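K.L.:
The following comprises the amino acid sequence and a computationally predicted model.
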Amino acid sequence: NYRYRIYTHLDGLGELDIISITTDNDGHLWYASANGYVGVFSDDKWLTSDALMQDFRSINRMVFYDGSLWICTSSGLVRATPAPETFTIVQYNDFYEHFCDLPANPEVMDVDFLNDTIYVGTPYCLTYAHIDSDLFSADAWDTAAVWITIADSSDTTYIPRGINAICVHHDTLWTLAMSENNEPTLFYFSDGCLHNVDENYEDHMTWDLISLDDTLWALSFHRLRYYDAAQNEMREIAMDGPFASSYALVKANDTKIAATRYGYAVLENDTLHNYLYNAPVGSYVADICFSDDGTAVMATHKQAVNIWDGNTWNQFSIHLISSYIESGDFFDSVYSIFKNIWTAAKTHDGTIWAGSYGYGLLRILPDTTCEIWDATNSSLTTSVEGNDNYIVVSRLRVDPAGNLWMACYGSQDNAPLKVWLADNLDDSLGAI
């Protein structure tokens, strides 16, 4: 395993949803967060500028090119000069907000450069201009689009598809077209037009393209693929982990390493081998409690139950336990609980309990068997008049005797506080 260090707000990061990392000509490492922070790593800490955040600009990408940081924001493209030794950290020089005939201040998804031309991906189309032209002028920009054709008995409508990501690979510009209805995803730009590659490749969860080690890679929240030029098709990389995500891909010491949803993965023998971080899953803590043996139980909002045993975090989320649950209605119900998780606890027998807002109680036994308790099979009662099975379990606690207590917000039986005795935890109808 590789050694790693986790940086947080305590180390100077403005926000933890890091959307881009890049380096400048002097080797400084820069980051951009989704909600508008830009910062640099200096003297073992992060220095952060909040100017774009204060201007209510979120960030989609940031790249370094020709001495400048080019920042793709929710309101146009920003060119900035790195100034890590100054008080401002970064100097925001130019704000490009007009591109050809697109609406003013469009969201910019990605930017790249090829043959003295700047290419910008937007939710409307691809737009491009010569790098030495007046980029402030809408007339300097041209466009290219992938069109959706909608035909009916009286008319045909053409709607442009947005460009989610762009990448220069083998002196060619490649793009990811936004997809909603199983349309082809990968295109290349040539002679002023976008041309489809592999008509069978569609993945609306693909969010980035990168050129690495003489190969074009497509990063997806569900998988990692690469372009096989000989067969003109995208091929999927196998992954041995519970959730085949790829958020970034780098090469270090001749080894390809991918950032995944819960840690990192190493590409070996055409397979990504997963390694989980020893850290809780999730960004927002919904609840935390402690057992007599010192175990900490943390529920993170819309994410997971995390158990700290004093040395190691054990994570339980829909993605990490999905291999133990058959697909279908039960899986959908468990998914709904994790997406609405409110509280969690662990009883002395090793059972993990997760309470949700509206979807009942999830019981995870030590053998990973899962059960759902709600108004149809337990002592829990709906919290909403007119809805027979809207269960809100707002707090779970275990007392020193091992009894499980539940606070059920708005319980319509006028008994919002329920308790299961330690010797009766298997009886879903056994609350007193």
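P.N.:
Perfect, thanks for sending it.
K.L.:
worst-scoring helix or strand of this protein, pLDDT-wise?
P.N.:
strand 146-151 (a mean of 71; mean pLDDT, DSSP states H and E).
K.L.:
next helix or strand past that strand?
P.N.:
strand 156-161 (DSSP states H and E).
K.L.:
average pLDDT across that following strand?
P.N.:
On average, the pLDDT along strand 156-161 is 77.
K.L.:
Can you give me the buried ones in that strand?
P.N.:
For strand 156-161, burial by neighbour count (16 or more other Cβ atoms under 10 Å) applies to P160, R161. The way it works is simple: take the backbone N, C-alpha and C, and place the C-beta from them, glycine included.
K.L.:
any idea where the strands of the stretch 51-200 of the chain begin and end?
P.N.:
Along the stretch 51-200 of the chain, counting by DSSP state E, counting those that start in this stretch, strands occupy 59-65, 68-73, 76-83, 89-96, 110-114, 117-121, 126-130, 142-144, 146-151, 156-161, 163-169, 172-177, 186-190, 193-196.
K.L.:
now the angle from the second one to strand 89-96?
P.N.:
In this case it means strand 68-73. For strand 68-73 against strand 89-96, the angle by axes from the mean of the first three to the mean of the last three Cα atoms, to 10 degrees is 60 degrees.
K.L.:
Strand 68-73: partners in the sheet, and parallel or antiparallel?
P.N.:
Next to strand 68-73 in the sheet, as set by DSSP bridges, lie strand 59-65 (antiparallel), strand 76-83 (antiparallel).
K.L.:
The last one now?
P.N.:
Looking at strand 193-196 with DSSP bridges, its paired strands and their directions are strand 186-190 (antiparallel).
K.L.:
Please export the C-alpha coordinates of the longest helix seen in the chain as CSV.
P.N.:
The longest helix of the chain (DSSP state H) is helix 329-339. Taking C-alpha atoms only, helix 329-339 is exported to CSV below (Å, rounded to 0.1, in the frame of the first residue of the first chain):
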residue,chain,number,x,y,z
ASP,A,329,-37.2,-3.4,-4.3
PHE,A,330,-35.2,-4.3,-1.1
PHE,A,331,-32.0,-2.8,-2.5
ASP,A,332,-34.0,0.3,-3.4
SER,A,333,-35.3,0.5,0.2
VAL,A,334,-31.9,0.2,1.7
TYR,A,335,-30.6,2.8,-0.7
SER,A,336,-33.3,5.2,0.4
ILE,A,337,-32.3,4.7,4.0
PHE,A,338,-28.7,5.6,3.3
LYS,A,339,-29.7,8.6,1.3
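K.L.:
Which neighbouring elements make contact with the next helix or strand after it?
P.N.:
Heading C-terminal from helix 329-339, the first helix or strand you meet, by DSSP H and E, is strand 341-346. Using 3 or more Cβ pairs under 8 Å, 6 or more residues apart in numbering; DSSP states H and E, the elements in contact with strand 341-346 are strand 285-290, strand 296-300, strand 304-308, strand 352-358, strand 395-398.
K.L.:
Off-centre distance for the last one?
P.N.:
In this case it means strand 395-398. Distance of strand 395-398 from the chain centroid (Cα atoms, centre = their mean, to the nearest Å) equals 30 Å.
K.L.:
Quick check: next helix or strand after that strand?
P.N.:
Going down the chain from strand 395-398, the next helix or strand is strand 404-407, by DSSP H and E.
K.L.:
next helix or strand past that next one?
P.N.:
strand 417-420.
K.L.:
Provide the strand pairings for that next one, with the direction of each partner.
P.N.:
In the sheet, strand 417-420 lines up against strand 404-407 (antiparallel) (DSSP bridges).
K.L.:
So for the strand it pairs with, what gets flagged as buried?
P.N.:
Result for strand 404-407 [16+ other Cβ under 10 Å]: buried residues L404, M406, A407.
K.L.:
Mind putting the helices and strands packed on strand 341-346 into TSV with distance to A344 and mean neighbour count?
P.N.:
Output for the helices and strands packed on strand 341-346, formatted as TSV (distance: least, Cβ to Cβ, whole Å; neighbours: other Cβ atoms under 10 Å):
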stretch	distance to A344	mean neighbour count
strand 285-290	6	17
strand 296-300	4	22
strand 304-308	4	23
strand 352-358	5	23
strand 395-398	6	20
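K.L.:
Relative to I19, which of those is closest?
P.N.:
Of all these, strand 296-300 sits nearest to I19, with 20.2 Å by Cβ to Cβ.
K.L.:
Could you give the separation of the closest one from the chain centroid?
P.N.:
Computed by Cα atoms, centre = their mean, the chain-centroid distance of strand 296-300 equals 20 Å.
K.L.:
Put the alpha carbons of that strand into PDB.
P.N.:
Extracted C-alpha coordinates of strand 296-300, given in PDB (Å, rounded to 0.1, in the frame of the first residue of the first chain):
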ATOM      1  CA  ALA A 296     -17.500   5.500  18.100                       C
ATOM      2  CA  VAL A 297     -20.500   5.300  15.700                       C
ATOM      3  CA  MET A 298     -20.800   8.200  13.200                       C
ATOM      4  CA  ALA A 299     -23.700   8.700  10.800                       C
ATOM      5  CA  THR A 300     -22.800  11.000   7.800                       C
END
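K.L.:
angle of that strand against helix 329-339?
P.N.:
Strand 296-300 and helix 329-339 are oriented at 100 degrees to each other (the same axes, to 10 degrees).
K.L.:
and strand 296-300, what does it pack onto?
P.N.:
strand 285-290, strand 304-308, strand 341-346.
K.L.:
in its sheet, what does it sit against?
P.N.:
Applying DSSP bridges, one finds strand 296-300 paired with strand 285-290 (antiparallel), strand 304-308 (antiparallel).
K.L.:
Can you pull out the residues in contact with the longest one?
P.N.:
Contacts with strand 285-290, where a contact means Cβ atoms under 8 Å, 6 or more residues apart in numbering, come from 296-301, 341-345, 395-398.
K.L.:
Among these, show me the least confident.
P.N.:
Among those, pLDDT bottoms out at H301, giving 92.
K.L.:
doesn't G282 make contact with that one?
P.N.:
Yes. When contacts are counted by Cβ atoms under 8 Å, H301 is listed as touching G282 (6.6 Å).
K.L.:
picking up where we left off before, R225: which of the contacts of strand 285-290 is nearest?
P.N.:
T300 (29.4 Å).
K.L.:
and that closest one, what is it in contact with?
P.N.:
Contact partners of T300, counting by Cβ under 8 Å, 6+ apart, are P280, V281, G282, S283, Y284, V285, A286, N306, I341.
K.L.:
Ok, V38 next?
P.N.:
Going by Cβ under 8 Å, 6+ apart, V38 touches 30-32, 48-49, 51-52, 59, 62, 69, 71, 80, 89-90.
K.L.:
switch to 10 Å and redo it
P.N.:
14, 20, 30-32, 47-53, 59, 62, 69, 71, 78, 80, 82, 89-90, 92 (Cβ atoms under 10 Å, 6 or more residues apart in numbering).
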